[in-house]
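1. I would like to see how this sequence folds:
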Amino acid sequence: MPVTTVGLDLAKHVFQVHGIDQDGQVLIRRQLRRGELIGFFRRLPPSLIGMEACPTAHFWARELAAFGHEVRLMPAPYVKPYVNRSKSDALDAEGICEAVTRPTMRFVAIKNPQQQAALMLHRTRDLLVRQRTMLVNALRGHLAEYGVIAPHGLPSVPKLIELAEKARGTALPELAWRCIRLILAQIEDVHGRIGQVEQEILAWHRTNELSQRLETIPGIGLITASALAATIPDPSSFRSGRHLAAWIGLVPRQSGTGGKVRLGHLSKQGDRYLRRLLVLGASTLMRHARGRTTVTAGWINGLLARRPASGFRCEIPNE
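-> Take a look at the predicted model:
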C-alpha cells in the first residue's frame, strides 16, 4: 500500500520522516539530510504531511504543498501528548504522524512570504524598541550615580540630556561624559531605525485591505491592525471571537473538577506580542473614557462600574 500520512520532524540539517499507510502500518522511518528532503517528497505520492509549527515550518509547508501534498501545521504543545515515552527525533516524527490524523486537532494556517515579511517588520521594530529601552535605562542608571535625575519615560530623555550637559565638568567628570555621549549616539541611531521600520509598516498597511479595516476599530491603531492582519491570515479558522481571544491568551485560566469550574487569571498562552498590543489599546480607551459622555465611553464606564479594573496588570515594556 502507498504512504498516505507522513510525520515530518523539522531540524536545521537532519530531518526525521515517519510514514504510514491507510491501515496504520509503518512504511517509512528514516532520516533525511536537508539536501535530500525536496527530492524525497517530490517522488512521494500526494500524502497528508504533518509538521510542528516552528520558524521554518511555513517555508517547508509551501515547498511541499507545491508537489501536491496536503500539509498541516500544528502547535508543538498539541503534539506533545502523542509522543510516547522518551524524547527523540524518531519518536517526535511518530507523534506528529499520529497527531495530524486526530479529528480534534487544531491547525495553524500557512503564511505566505508577504505575511512573513510583514511579521518580520514587527519583530524588528519590537527588537529595536527593547534595545532603545535598555539604552535609556543604562543612561538613567549611569547619570543617577552623579545625582542627575529626570522623570521616567521616553519623552523625558531630552530633559535628562540637558541636565547632563549642565553637570558636565562639575558633578559629571569628562570621562563619564564621553561614555554618556556614546550611549546617546546609540539611542539616536536606534530611534531613527525604529522610525524607518514604522514607515515600512505604514506602507504595507496601506496596501492591505484587511489591515485598513481593522484600524477602524476603536483602540486598534496602525501597529496593532497590521500585526493582526499579518499574524492571522485566515480568520475563518476561528469559529467565533471567543476562540480568537482564547488563542491570543485573553481568557481566564480554568481549573475545576466535580462539576465546579474556577476561573483564574489570564492564561497568557497565546501570542504575547498581539496580547500586549491589544491590552495597550484597551487601556488607552479606558483611560480616555473617564469623564466623557459618548456612546462608547458610556459603555466602557458602565462595564468598569460592574467589573472594576483593580489589580489589572499587562505586559508593557518600560519605554
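2. any idea how the chain splits into domains?
-> The domain map for the chain lists 5-99, 113-216, 227-306, with the assignment taken from automatic domain parsing.
3. Just put those domains in CSV and tack on mean neighbour count, distance to R106 and mean pLDDT.
-> All C-beta spots, glycine's among them, are computed from the backbone N, C-alpha and C. Listed next are the domains of the chain as CSV, based on neighbours: other CB atoms under 10 Å; distance: least, CB to CB, whole Å; pLDDT from 0 to 100:
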stretch, mean neighbour count, distance to R106, mean pLDDT
domain 5-99, 17, 6, 94
domain 113-216, 15, 19, 93
domain 227-306, 14, 8, 86
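4. Helix, strand or coil: sort out the residue lying closest to R290 once chain neighbours are set aside for me.
-> Closest residue to R290 apart from its sequence neighbours, by CB to CB, 6 or more residues apart in numbering: N301 at 7.1 Å. Under DSSP: H, G, I helix; E, B strand; the rest coil, the three-state class of N301 is helix.
5. N301 and H288 touch, don't they?
-> No: at 11.1 Å, N301 does not count as touching H288 under the criterion of CB atoms under 8 Å.
6. can you pull out the strands in this protein?
-> Shown for the chain, the strands assigned by DSSP state E span residues 5-9, 14-20, 26-33, 48-52, 70-74, 252-257, 260-266.
7. just checking, R85 touches L91?
-> Yes: if you go by CB under 8 Å, R85 and L91 touch, sitting 7.0 Å apart.
8. OK, contacts around the closest residue in space to I28 that isn't next to it in sequence?
-> Nearest residue to I28, sequence neighbours excluded (CB to CB, 6+ apart): G19, at 3.4 Å. The contact partners of G19, taken as CB atoms under 8 Å, 6 or more residues apart in numbering, are V3, T5, V6, G7, V26, L27, I28, R29, L44, S47, C97.
9. Including distance to A245, could the residues you listed go into TSV?
-> Formatted as TSV, the contacts of G19 follow (distance: CB to CB, whole Å):
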residue	distance to A245
V3	39
T5	32
V6	33
G7	31
V26	40
L27	42
I28	40
R29	40
L44	39
S47	35
C97	31
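10. Now the nearest residue to G147 once chain neighbours are set aside: phi and psi?
-> Sequence neighbours aside, A171 is the residue nearest to G147 in space, at 6.0 Å (criterion: CB to CB, 6+ apart). Main-chain torsions, A171, degrees, to the nearest 10: phi -70, psi -30.
11. For A171, give me its contacts.
-> Taking CB under 8 Å, 6+ apart, one finds Y146, G147, V148 in contact with A171.
12. Looking at these, which is nearest T101?
-> Each of those was scored against T101 by CB to CB, and V148 proved nearest at 64.1 Å.
13. if I read this right, the closest one contacts A167, doesn't it?
-> Yes: V148 is in contact with A167 according to CB under 8 Å; the separation is 5.4 Å.
14. Report the separation between E174 and E188.
-> Distance, E174 to E188, by CB to CB, to the nearest Å: 21 Å.
15. Regarding the chain, what is its longest helix?
-> helix 174-207 (DSSP state H).
16. any idea how far it is from the chain center?
-> Helix 174-207 sits 23 Å away from the centroid of its parent chain (CA atoms, centre = their mean, to the nearest Å).
17. Could you list every helix and strand in contact with it?
-> Contacting helix 174-207 under the criterion 3 or more CB pairs under 8 Å, 6 or more residues apart in numbering; DSSP states H and E are the following elements: helix 113-144, helix 157-167, helix 209-215, helix 222-231.
18. Just send these back as CSV, with distance to L64 too.
-> Putting the helices and strands packed on helix 174-207 into CSV (distance: least, CB to CB, whole Å) gives the following:
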stretch, distance to L64
helix 113-144, 15
helix 157-167, 49
helix 209-215, 27
helix 222-231, 22
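19. Which one, of those, ends up nearest to T294?
-> Here helix 209-215 is closest among these (CB to CB), at 19.1 Å.
20. can you list contacts of that closest one?
-> W204, H205, R206, I220, G221, L222, T224, A225, S226, L228, A229, A230.
21. ok, these vs A76, which is closest?
-> A230 (21.0 Å).
22. Test my guess that the closest one contacts M120.
-> No: assessed by CB under 8 Å, A230 is found out of contact with M120, at 9.1 Å.
23. In TSV: the domains of the chain, plus distance to F107.
-> Shown next, in TSV, are the domains of the chain (distance: least, CB to CB, whole Å):
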stretch	distance to F107
domain 5-99	5
domain 113-216	16
domain 227-306	8
